[in-house]
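Enquirer: Here is a sequence with its predicted model. Questions after.
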Amino acid sequence: MDNTNRPILLGAIVLFSFSGIAQTQPYRSVMKTSWYGPGYHGNKTASGLVFNQYDPHMAAHRTLPFGTKLWLRNPTTGRSTWVVVVDRGPFIRGRALDVSARAASILGFRRKGVQELQVSSLGRMPDYRRFFRPTNGPVTSVAMLP
């Protein structure tokens, strides 16, 4: 390759990197969601964080990267909240997302157990580990993020 083509190649690499093509694309979906809690409370998640069933922002997904922030809306109740993927699961056929017991309560489907939720990606939180802190009490989130 001669030197005359280098600026074009470099420009193409920069354009590809910042155009969003190489980034995780935002999406909207409907996911069959269940909740988990008592049997896993206090155990380590797949990301290394300690699971707290009382934290309203913890969730599990089989393939989304850890730190992915999701906006969830229950179309039946109209309630909504956001969660961060910190664990892997659910491992029951037909279910796509697990949320903490507290998130299920906020969304209004804890008694029902399973609910189809509208899900929107809010991007990634690269520093998501700093947001959660270990605790024995019901509140673990350091700050409320929009």
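Expert: Alright, I've got the coordinates. Numbering: from 1, shown residues only.
Enquirer: all contacts plus neighbour counts: C-alpha atoms, from now on.
Expert: Noted.
Enquirer: in the protein, which strand has the most residues?
Expert: Identified as the longest strand of the chain according to DSSP state E is strand 114-124.
Enquirer: Which strands and helices lie in contact with it?
Expert: Counting contacts by 3 or more CA pairs under 8 Å, 6 or more residues apart in numbering; DSSP states H and E, strand 114-124 is packed against strand 28-36, strand 68-73.
Enquirer: If we ignore the residues flanking it in sequence, what's nearest Ser121?
Expert: Spatial nearest neighbour of Ser121, excluding adjacent residues (CA to CA, 6 or more residues apart in numbering): Leu70 at 4.7 Å.
Enquirer: these two touch, right, that neighbour and Gln118?
Expert: No: between Leu70 and Gln118 there is no contact, the gap being 9.9 Å when judged by CA atoms under 8 Å.
Enquirer: in this protein, which spans are strands?
Expert: In the chain, the strands defined using DSSP E lie at 28-36, 58-61, 68-73, 80-87, 97-100, 114-124.
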